[in-house]
Structure formats: structure tokens, C-alpha cells
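Got a sequence here, can you build the structure:
(2 chains)
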Amino acid sequence: MEQEFVDVLCAHLPRTGGAELSPSSDLREFGLDSMRSIELLFAVEDTFGVVLPDDRLTDDTFRTPGALWSAIEAARAQANT
Amino acid sequence: MGWREAISPAEVRATLDDEAPLGVDFGALDQVLARLTTEVGSGETLSACVQLATVLPILRSFAARHDLAGEVADRLIEGTATVALAATEADLAGDALLHARTRLTDDNGSWRLVGAKEWITNATSCNYALVLARHADATHFTSFSWVLLPTSADGVTIGPAAVARLEGSGLGHLRFRDVAVDPVWMIGTPGRALAQLTRQLSAERLAGALWARSACRNALQQTVQYLSHRETGSGTRWCNSAIRARFTRCLVRLTELDSLCRHYVTRPPTQLEAMALKVTMADVASQILGECADLQGAAALREGGIVDLRSELAMFAIAGGATGSMLEQLAEHADDLLLPRPRGAL
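Next up, the predicted model:
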């Protein structure tokens, strides 16, 4: 996961408490509620200049940092084809 | 007079800004709402407010890649179509959209729509309803899609809401009984509808604040005129320092709301800011219209007078997010609001 992604993600998590995020961290435990998830979607798309693929717009994508990062990479790959 | 007669298509078009994040030129919308506040009734203004701040920008966001959305947006601008925003569910709190039950089901490759929406502005007058519908089971914002549904479709029934006020608002209820959904009615990407609506509600809440400001300003202008001409034998009511103090407190509240409106017209509010703005404008409108009614005495009771207006505009604390619901959601994010600088874009 790129540091820029981690920075964007952490800006939307109220309960990191200094803990380090891993790709499999449960984002809900770090306080990612519905309202924050929506803002996170727009923030990652704006930051990375991508649109998340239709098949990645699911609750699973917003469950862990790894899943969201994977969706961003998929969007980047889609944009480059 | 209806709002369509008061506002030209060019004026409607001027409220759009396709480059802005929320798709609205709030300065132009402010001018339109100020005119509507003086020229048409509250129900008509409500009808315009929802369509201009929410429905039209959403349709326009799809116009470049979706013919029906573009066509309906153009007709809305020209005044030949009315579009309802059908989000609030029957038998479900207005702020519980994540649990919305109106459902799109895949029937061997074709979509069917089943469900009910209640207390929908423009329901009884609309040609289309922009329906927020669930396509996936998860209680998550990605589980929703938009359907731009012609209300003439088989299986759609519409009934008026039992309200004595807000004439022209078209308030009513929509039922969808196994409606066969033409694929061209599905607009936008599945999974984005609730995110888009949530963001667009900030525009609707700001529009509500602009409307409340105009309504309060008009009420105070009427009231000071009344007080200045109301003889007491030794002057007019306006000469009474106690009355002047009560009136001036209202001016202070109006100035507070005005300051917020001026700020957010140039930089639209975030979700939390829009919730706080909605609570503020409902409180300010309630205080000012209540005080104006008291200060005008019996004159406030005339048909179409301040008591009627106050009763209609009580919906500032209800429609588009009730004050209690706004406060609950703000409380949930108290830690964000108490930070010196906001976290993320909330």
C-alpha cells in the first residue's frame, strides 16, 4: 500500500489510536462508519484520479485497507488499458 | 401562481454549475429562492427547492453518458417535466436510508422494482421519480442504485399525502408493485446512488437555509412595517423599547443565519456542516417566525398571514432530515466537530 493511500485512509479513521494499519485491519474497528466510508470513496477517487470499478463497489471493498487498495489498483489497471 | 410561471428556463439553467462538486451555482439559486419566497407559496417553493438543489444536479451528472437522464434534465429545465426524488421509505425513519427496503431484483436478466416511498415532494405531480432502490442485501452504502422511473409505468401507483398545507408541493406516496424496469431507466453506476444522494443532501440543506433566510427577512420586513404603523395613542408599537428589543434579537438571529449562508454559498458545506446548518436554520426560522407572529398580534392570524407561514415552514425542522435526527448524527461525530481542524472531508 502506498503511503499516500495510508495517509488518505487515516484521515478518515477516528479511532486509530496510534495503531499501525495492516492490509487486513478491520476498518470498522478503526471507526469507519457509513458517512466516513462515503467521504473516503470520494477522497481516494479524487486523490488517485480513478473511478472504482463497478464490481468493486461493495461492502467488502471497504472492510479492510488491503481490499480498498486492491480496488484502487484495479481501477488504475482499468484506466491504463 | 406556480414556480414554473415565476422562474424562466434560463433562470433555472443559471442555477446549474456542472463544474462545481455539487453541480449548483448557489448564488443563482439564492436569487431564485428569494424570488420564489415572495412570489409563490411555500409548497411551490419546496417543489422547486428539491428539484433545483438535488434532482437536477444528479440528472445532469449523468447527462453526458445517459440519454434519458439528459433528456429528462432538459425537460425539467424547460418546465415540461416534473421529477420527484423518491428516497424516504414507507414505515422507515427518513434517516435510515441504509435500511431502505425498496428493492430491485434480478428476474432472469431483467430487473423488477418492489417497494414503497412516502412523504415524497412532487409525488402527485411528477412525470418521473428518481428512485433510490436496493440492489444488494448488505447494509452498506454500496447496495443502492438509481432508477429514473416514468410514473406512467405499469405497477406504479401514487396517492396524495394527507396534508392541509403546502399547496403545490405535490406531497404524496409512491408504490411500486413488481414494476418491470426497462434497462434504460437504470442510471448511474450500481453502488453509487446513496453516496451521491448523501453528498447532494448538503446542497439541499444549503438551499433550505437560503430559503429560510429569505422567508425570515420577509417576515421581519412585514413586522417592522406593521409595528411602525400600529398606533398606540402615544406613538407606535415601534416606539416601545421592549418590542424593539424583541425584534432586534430576531435581527441578530437573522444576521447569524445570513453569515452562514454567505460563507457556504462560496464554499458549500461538508456533510456535518450541512447538518449543523440545517439545525440552525430550523431554530432561527422557528424563533423569528414565532416572534413575528407574537409581535403582529391578531394581524398574524389573517389568511396567508404569518401564523400560516410559520405553520408551513415548521417543515424546516422536518423535511430533508428532522432536527432530532441531525442532532443524533452530529453527536455521533462529536469528536470530529471538536477537532481544531476537521478530519477528512466530513
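
Could you pick out the residues of chain A near chain B for me?
Within reach of chain B by C-beta under 8 Å from any C-beta of the partner chain, chain A has these residues: A:11-12, A:14, A:33-43, A:54, A:57-59, A:61-62. For the C-beta atoms, the positions are set from N, CA and C on the backbone; glycine is no exception.

and these, which are buried?
A:11-12, A:14, A:35-41, A:43, A:57-59, A:61-62 (16 or more other C-beta atoms under 10 Å in any protein chain shown).

out of the residues you listed, which are inside strands?
Using DSSP state E, no member of those falls in strands.

can you list the residues of the stretch 1-150 of chain B near chain A?
Residues of the stretch 1-150 of chain B lying close to chain A by C-beta under 8 Å from any C-beta are B:98, B:136, B:138-143.

In chain A, what residue lies closest to chain B?
In chain A, the residue that lies nearest chain B is residue A:57 (3.0 Å; C-beta to the nearest C-beta).

near chain A, anything from the helix or strand hosting residue B:199?
Element membership for residue B:199 (DSSP states H and E) is helix B:193-229. Yes. Applying C-beta under 8 Å from any C-beta, one finds helix B:193-229 touching chain A at B:194-195, B:198-199.

export the residues you listed to JSON lines and tack on pLDDT?
Output for these, formatted as JSON lines (pLDDT from 0 to 100):
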{"residue": "B:194", "pLDDT": "96"}
{"residue": "B:195", "pLDDT": "95"}
{"residue": "B:198", "pLDDT": "94"}
{"residue": "B:199", "pLDDT": "94"}
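
Reformat those as JSON lines; add neighbour count.
Output for the residues of helix B:193-229 next to chain A, formatted as JSON lines (neighbours: other C-beta atoms under 10 Å in any protein chain shown):
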{"residue": "B:194", "neighbour count": "23"}
{"residue": "B:195", "neighbour count": "20"}
{"residue": "B:198", "neighbour count": "17"}
{"residue": "B:199", "neighbour count": "21"}
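
right, and the pair among the residues you listed with maximum separation?
Spatial extent of the residues of helix B:193-229 next to chain A (C-beta to C-beta) is set by the pair B:194 and B:199 at 9.7 Å.

Next SSE downstream of the helix holding residue B:199?
Sequence order places helix B:241-266 as the next helix or strand after helix B:193-229, per DSSP H and E.

next structured bit after that following helix?
Downstream of helix B:241-266, the first helix or strand assigned by DSSP H and E is helix B:271-296.

Would you mark the buried spots in that next one?
Going by neighbour count (16+ other C-beta under 10 Å), the buried part of helix B:271-296 is B:271-286, B:288-289, B:291-293, B:295-296.

ok now stretch B:315-322, how far from the chain's centre?
8 Å (C-alpha atoms, centre = their mean, to the nearest Å).

Could you confirm whether it reaches chain A?
No. Shown here: stretch B:315-322 not in contact with chain A (C-beta under 8 Å from any C-beta), separated by at least 12.7 Å.

end to end, how far does that stretch reach?
Its start and end residues considered, stretch B:315-322 measures 9 Å (C-alpha to C-alpha, to the nearest Å).

ok, now stretch B:333-346?
Its first and final residues considered, stretch B:333-346 spans 9 Å by C-alpha to C-alpha.

ok, residue B:189 - contacts?
When contacts are counted by C-beta atoms under 8 Å, 6 or more residues apart in numbering or on different chains, residue B:189 touches A:54, A:57.

Can you classify it as helix, strand or coil?
Secondary structure assignment for residue B:189 (DSSP: H, G, I helix; E, B strand; the rest coil): coil.

now do residue B:118
Classification of residue B:118 by three-state DSSP places it in strand.

okay, now it: neighbour count?
Burial measure for residue B:118: 19 neighbouring residues, criterion other C-beta atoms under 10 Å in any protein chain shown.

was I right about it contacting residue B:171?
No. At 9.6 Å, residue B:118 does not count as touching residue B:171 under the criterion of C-beta atoms under 8 Å.

shared neighbours, the two?
residue B:161.

Skipping its backbone neighbours, what lies nearest residue B:93 in space?
Nearest in space to residue B:93, with sequence neighbours left out and distances taken as C-beta to C-beta, 6 or more residues apart in numbering or on different chains, is residue B:325 at 7.1 Å.

Just say helix, strand or coil for that neighbour.
Assignment for residue B:325 (three-state DSSP): helix.

For it, which residues are in contact?
With contacts defined as C-beta under 8 Å, 6+ apart, the neighbours of residue B:325 are B:93-95.

can I get those in a markdown table with secondary structure and pLDDT?
As requested, those are arranged in a markdown table below (DSSP: H, G, I helix; E, B strand; the rest coil; pLDDT from 0 to 100):
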| residue | secondary structure | pLDDT |
| --- | --- | --- |
| B:93 | coil | 80 |
| B:94 | coil | 73 |
| B:95 | coil | 76 |
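
nearest to chain A, of those residues?
The nearest member of those to chain A, counting by C-beta to the nearest C-beta, is residue B:95 at 10.9 Å.

Okay, the closest one and residue B:323: tell me how far apart.
11 Å (C-beta to C-beta, to the nearest Å).

element containing the most centrally placed residue in chain A?
Centroid-nearest residue in chain A, with C-alpha atoms, centre = their mean: residue A:68, separated by 4.0 Å. Element membership for residue A:68 (DSSP H and E) is helix A:65-80.

which other residues reach that helix?
Identification of contacts with helix A:65-80 by C-beta under 8 Å, 6+ apart yields A:1-2, A:5-6, A:9, A:21-25, A:27, A:40, A:44, A:48-53, A:56, A:60-62.
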